[in-house]
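Enquirer: the following block contains a protein sequence and its predicted model.
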Amino acid sequence: MNEYFADTNVFLRYLAADVTDQAAAVERLLQRAQAGDLTLTANVIVVAEIVWTLESYYELPRSEIRDKVLAILNTPGLSVEQPDLVAQAVTDYAELNVDFVDAFNALWMAERGLARVVTFDTKHFSRLPGISALTPDKAR
């Protein structure tokens with residue numbers, strides 16, 4: 001089986017559909033993956049870049065970004081590492097108004113039994129359930 005790593009720009013061309021010939025090429029690629037002709041793989045960094053670009057450059061609302069990422073996670077023939085964490089993180093991102101990376105890191109911490117984070121971004125981390133956010137001078 002042919003397996004390929006799918007870079008962020010592949011997903012962005014498809015999701016934004018702002019370069020029509022590239023979006024069409026990605027559509028054909030995804031159809032081939034769905035048919036089982038090839039497998040696509042991506043990681044959390046790719047998802048983080050997708051979220052960041054759709055938010056900062058395309059200025060999409062968080063709920064729309066969440067829906068697009070969840071659609072990616074449910075694409076046949078595409079595998080994203082840690083899909084359950086990514087799905088929950090993008091949901092927390094949209095619903096709790098936190099950065100995607102902070103949401104992912106909080107879930108990653110919880111999997112490892114960590115409940116405290118040292119950060120200067122206590123605002124976002126304190127919105128995440130089960131996380132105690134402390135600045136470096138408060139860590140004991």
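Expert: In hand now; what should we look at?
Enquirer: SS state for T41?
Expert: T41 carries the three-state label strand when classified by DSSP: H, G, I helix; E, B strand; the rest coil.
Enquirer: against A16, how distant is it?
Expert: Taking CB to CB, to the nearest Å as the measure, T41 falls 21 Å from A16. Backbone N, C-alpha and C define where each C-beta goes, glycine included.
Enquirer: more neighbours: which of those two?
Expert: Looking at T41 and A16 with other CB atoms under 10 Å, you find the greater number of neighbours at A16, namely 16 against 13.
Enquirer: so what touches the helix-or-strand element of the chain with minimal mean pLDDT?
Expert: In the chain, no helix or strand scores lower on mean pLDDT, DSSP states H and E than helix 122-125, which sits at a mean of 89. With contacts defined as CB atoms under 8 Å, 6 or more residues apart in numbering, helix 122-125 is touched by 98-99, 102, 106, 117, 119, 131, 133-135.
Enquirer: what's the first helix or strand after that helix?
Expert: Helices and strands here follow DSSP states H and E; after helix 122-125, the next one along the chain is strand 132-134.
Enquirer: coming back round to it: for ChimeraX, write the selection for the buried entries among the contacts of helix 122-125.
Expert: Below is the selection syntax for ChimeraX that covers the buried ones among the contacts of helix 122-125, with 16 or more other CB atoms under 10 Å defining burial:
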select :98,99,102,106,117,119,131,133
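Enquirer: distance to R28 for the contacts of helix 122-125 - can I get that in TSV?
Expert: Output for the contacts of helix 122-125, formatted as TSV (distance: CB to CB, whole Å):
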residue	distance to R28
V98	36
D99	34
D102	36
A106	37
V117	43
T119	43
I131	42
A133	45
L134	50
T135	50
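Enquirer: closest to R32 among the contacts of helix 122-125?
Expert: Relative to R32, the closest of the contacts of helix 122-125 is D99; by CB to CB it sits at 33.9 Å.
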